[in-house]
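>>> Here is my input, please return the structure:
(chains A and B, ligands or ions: 3)
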Protein chains: 2
Amino acid sequence: YSGGFGAPAPAANDPMWGYFTAIAGQDGEIDAEELQRCLTQAGFTGSYSPFSLDTCRIMIAMLDRDFTGKMGFNEFKDLFTALNGWKQNFMMFDQDRSGTVEPHEMSQALGAMGYRVSPQVLNAIIKRYSKNGRIYFDDYVACCVRMRALTENFRRRDSMQQGCVNFQYDDFILCTMSI
Amino acid sequence: YSGGFGAPAPAANDPMWGYFTAIAGQDGEIDAEELQRCLTQAGFTGSYSPFSLDTCRIMIAMLDRDFTGKMGFNEFKDLFTALNGWKQNFMMFDQDRSGTVEPHEMSQALGAMGYRVSPQVLNAIIKRYSKNGRIYFDDYVACCVRMRALTENFRRRDSMQQGCVNFQYDDFILCTMSI
Ligand SMILES: [Ca+2]
Ligand SMILES: [Ca+2]
Ligand SMILES: [Ca+2]
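Ligands and ions are numbered 1, 2, ... in the order given. Now for the predicted structure:
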């Protein structure tokens, strides 16, 4: 018998483990600069522009519950799953590979991801993440990362699932300033 | 008599009006691209790197209560006042003009601006806005812009000044996603 009975495989047997340790370096964790280098070298964005350092920082912040600014192996795998989903989604809308999607497609995308917000909020989000009325891949991902992180921060506090949360100032700043 | 009795001067008599209209172009308002160009051409950041487009976007979002993504004349003047304050503040800490301030100086700066947050929050903020343990001018300003905007959004809803606010999900996303 190799492996256990449904027990998670030890990280060292995971095909991504070698890749992760090569990127992470001596401290065994991935920071924003290392993430940016790895995504650029892997050609993750393809014909789209590489991710900005700022987008890489919020990718880490999205998963970084202990606020170290770094990512371990499991977070790294979670991030890849999310990024692949967003990339597929974006390419589906950007059929001519111009590198941009249009604002109304962005509302469809957010709706498809399960976010329910008012037209006013949708409009504000689209304004924030577009350049000359178009949304580029880097900004699209930044928008998705922040929607996911902010929504998760909100839900985690909305224990009765009533759609409203009572925030202390300190906690409000904590879960918005790092994203 | 020139001028009224304490009445605000008409915009056209303001020495910054010509400058504003030249930047704003046909639509009479300044968007993020126009702001970035103007701050770069004016050499506002001096020996520091120019502002990223993302920082320019949140500068506008900080003042843009109607979510058009653009700034009128009065907002433009408010922004300059704020930017000059932050620049002076930053230069005071960055005495060797290396272009960076250290994390502990960042806590002092935020304290001096009147923000009262826990050490945990301070730590999370500093992690988010530093590169290799140092804070560059662009990130420093991005941090100041977001602290100001988020704090104002919070205060405006905290009408009893109790330090806590009951957020609906839609409103929470509105006042965090655009910043
Ligand atoms: Ca590392
Ligand atoms: Ca304009
Ligand atoms: Ca406006």
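>>> can you tell me the residue of chain A closest to ligand 3?
Residue of chain A nearest ligand 3, by C-beta to the ion: residue A:127 (9.4 Å). From N, CA and C alone the C-beta is placed, and that goes for glycine too.
>>> Report the spatially closest residue to that residue, excluding sequence-adjacent ones.
What sits nearest to residue A:127 in space, not counting adjacent residues and going by C-beta to C-beta, 6 or more residues apart in numbering or on different chains, is residue B:69, at 4.0 Å.
>>> tell me the pLDDT at the single nearest residue of chain A relative to ligand 2?
Proximity of chain A to ligand 2 (C-beta to the ion) peaks at residue A:132, 11.5 Å away. Reported pLDDT at residue A:132 in the predicted model: 84.
>>> what's the burial count for it?
8 (other C-beta atoms under 10 Å in any protein chain shown).
>>> Tell me who's in contact with it.
For residue A:132, the contact set (C-beta atoms under 8 Å, 6 or more residues apart in numbering or on different chains) comprises residue B:33.
>>> Residue A:130 now?
A:103, A:106, A:139.
>>> and which of the residues you listed is nearest chain B?
residue A:139 (8.6 Å; C-beta to the nearest C-beta).
>>> ok, then the element right after the strand ranked longest in chain A?
Longest strand of chain A, by residue count under DSSP state E: strand A:164-168. Following strand A:164-168 in sequence order, the next helix or strand is helix A:169-177 (DSSP states H and E).
>>> I'd like the distance between the residue nearest in space to the middle of chain A and residue A:178.
What sits nearest the mean C-alpha location of chain A, by C-alpha atoms, centre = their mean, is residue A:145, with 3.5 Å. Using C-beta to C-beta, to the nearest Å, one gets 12 Å for the distance from residue A:145 to residue A:178.
>>> Can you tell me the closest non-neighbouring residue to residue A:94?
residue A:101 (5.3 Å).
>>> residue boundaries of the helices in chain A?
A:17-24, A:32-41, A:53-63, A:73-93, A:103-112, A:119-129, A:137-157, A:169-177 (DSSP state H).
>>> can you list the contacts of residue A:130 in JSON lines and add pLDDT, distance to residue A:38 and neighbour count?
Formatted as JSON lines, these follow (pLDDT from 0 to 100; distance: C-beta to C-beta, whole Å; neighbours: other C-beta atoms under 10 Å in any protein chain shown):
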{"residue": "A:103", "pLDDT": "90", "distance to residue A:38": "31", "neighbour count": "16"}
{"residue": "A:106", "pLDDT": "92", "distance to residue A:38": "27", "neighbour count": "22"}
{"residue": "A:139", "pLDDT": "95", "distance to residue A:38": "20", "neighbour count": "22"}
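>>> Looking at the residues you listed, which is nearest ligand 1?
The shortest approach to ligand 1 among the contacts of residue A:130 belongs to residue A:139, at 26.3 Å (C-beta to the ion).
>>> Would you enumerate the residues in contact with the nearest residue to residue A:167 once chain neighbours are set aside?
Of all residues not flanking residue A:167 in the chain, residue B:165 sits nearest, at 5.5 Å (C-beta to C-beta, 6+ apart). By C-beta under 8 Å, 6+ apart, the residues touching residue B:165 are A:166-167, A:169, A:172, B:154, B:157-158.
>>> ok, and the most crowded of those residues?
residue A:172 (27 neighbours).
>>> Can you check the pLDDT for that one?
As predicted, residue A:172 sits at a pLDDT of 98.
>>> Okay, the nearest residue to it once chain neighbours are set aside and residue B:67: tell me how far apart.
Distance criterion C-beta to C-beta, 6+ apart; nearest residue to residue A:172, sequence neighbours excluded, is residue B:154 at 5.7 Å. Per C-beta to C-beta, residue B:154 is found 18 Å from residue B:67.
>>> Next, give phi and psi for the residue nearest to residue A:127.
The phi/psi pair for residue B:69 (degrees, to the nearest 10) reads phi 80, psi 10.
>>> and what of residue A:50?
Backbone dihedrals for residue A:50, given as degrees, to the nearest 10, come out at phi -60, psi 160.
>>> Tell me the pLDDT of it.
94.
>>> Dump the helices of chain A into a markdown table; add distance to ligand 1 as well.
Output for the helices of chain A, formatted as a markdown table (distance: least, C-beta to the ion, whole Å):
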| stretch | distance to ligand 1 |
| --- | --- |
| helix A:17-24 | 5 |
| helix A:32-41 | 5 |
| helix A:53-63 | 11 |
| helix A:73-93 | 11 |
| helix A:103-112 | 32 |
| helix A:119-129 | 29 |
| helix A:137-157 | 20 |
| helix A:169-177 | 23 |
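>>> Any chance of CSV for those helices, columns distance to residue B:37?
Shown next, in CSV, are the helices of chain A (distance: least, C-beta to C-beta, whole Å):
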stretch, distance to residue B:37
helix A:17-24, 36
helix A:32-41, 26
helix A:53-63, 20
helix A:73-93, 28
helix A:103-112, 23
helix A:119-129, 19
helix A:137-157, 19
helix A:169-177, 28
